[in-house]
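> coordinates only, no sequence provided:
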């Protein structure tokens, strides 16, 4: 199977046109026509992950976060990105990323978060209509999700979240005793959806990269929880796995063992 067959399957699920203007989803390094020997799935394509792919004899790495966000003027091994790019080129490894397009896709990142904590009646928190190329029809896409959960105090929901997402520490503001029936979620940095979560009637908003004043200014309106960027998105690779296995159930594809959260807790 060629690289393009796998990336086309991912892009049918999460079209590249859904990515934000600042993003850089798609092939980062490599040949879309290369025959794939195996696939390694990760959140971030690091030197350690590419080294693991080399050790396994795999030549395709699929990550959620793009390896290259900004243009590279030189590749001299001075930075982790430069070293990773050089290693991938030297060993004929293709690196592919599906980032904000997977965030915005139906059953994308935030939907997977909702599944992990048992939410029901899940829908986009902020949806929009995206016209597919060459048609006048529209496909639904959006940011974040909102749905229902069995009523319980906010602290109990957050304990469930902490366990489900393997979170070292949950930062939150608001009333921990507040009964939560409706939850909003957004993988990654979701501060821009906080007002929308309130407007949609959420009792609790779970996301990452929240600022101090996001907590301070909204404590009376909603319980706000920050679970960490990596923690909110590292199950994205499960979506990649399911897409590839649907394409070819027997293909060699694994989660990277050498991937670690770059943010530590003590």
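The structure has been received and is ready for your questions. This one's a predicted model, so the numbers in the text were calculated from it and none came from an experiment. Numbers count the residues shown, from 1 in each chain.
> find the residue at the geometric middle of the protein.
The centroid of the chain falls nearest to residue 233 when counting by C-alpha atoms, centre = their mean (4.0 Å).
> now do stretch 48-58: distance to the chain's middle.
Between the mean C-alpha point of stretch 48-58 and the mean C-alpha point of its chain there is a distance of 22 Å (C-alpha atoms, centre = their mean, to the nearest Å).
> from residue 18, how far out is residue 114?
19 Å (C-beta to C-beta, to the nearest Å). No exception for glycine: its C-beta is placed from N, CA and C like everyone else's.
> would you confirm that the residue nearest to the centre of the chain contacts residue 64?
Yes: checked against C-beta atoms under 8 Å, the pair residue 233 and residue 64 is within contact range at 5.7 Å.
> who touches both of these two?
When contacts are counted by C-beta atoms under 8 Å, 6 or more residues apart in numbering, residue 233 and residue 64 are jointly contacted by 43, 109.
> in stretch 236-248, which residues are buried?
Applying a neighbour-count criterion of 16 or more other C-beta atoms under 10 Å, one finds 236, 237, 239, 240, 241, 243, 244, 247 buried in stretch 236-248.
> just the ones of these in helices?
Taking DSSP state H, the ones among the buried residues of stretch 236-248 that sit in helices are 236, 237, 239, 240, 241, 243, 244, 247.
> so which of those residues comes closest to residue 173?
Within those, the smallest distance to residue 173 is 26.6 Å, found for residue 236 (C-beta to C-beta).
> the closest one contacts residue 109, doesn't it?
Yes: contact between residue 236 and residue 109 holds when scored by C-beta under 8 Å: they sit 5.3 Å apart.
> quick check: neighbours shared by those two?
By C-beta under 8 Å, 6+ apart, the residues touching both residue 236 and residue 109 are 64, 102, 187.
> assess the claim that residue 252 and residue 53 are in contact.
No: at 11.2 Å, residue 252 and residue 53 do not qualify as touching, with contact defined as C-beta under 8 Å.
> the more surrounded of these two?
Set side by side, residue 252 and residue 53 show unequal neighbour counts under other C-beta atoms under 10 Å, the larger going to residue 53 at 28 against 15.
> what comes up buried for the strand or helix carrying the more buried one?
Using DSSP states H and E, residue 53 falls within helix 47-56. If you call a residue buried by 16+ other C-beta under 10 Å, then helix 47-56 has these buried ones: 48, 49, 50, 52, 53, 54, 56.
> pick the one among the residues you listed closest to residue 140.
Where these are concerned, and distances follow C-beta to C-beta, residue 140 has its nearest neighbour in residue 49, at 32.7 Å.
> who are the contact partners of the closest one?
The neighbours of residue 49, taking C-beta under 8 Å, 6+ apart as the test, are 40, 42, 61, 63, 256, 258, 259.
> the closest residue to the fifth one other than its chain neighbours: how many residues sit nearby?
Same thing as residue 256. Spatially, and ignoring its direct neighbours in sequence, residue 256 is nearest to residue 42 (4.1 Å; C-beta to C-beta, 6 or more residues apart in numbering). Using other C-beta under 10 Å, residue 42 is surrounded by 27 other residues.
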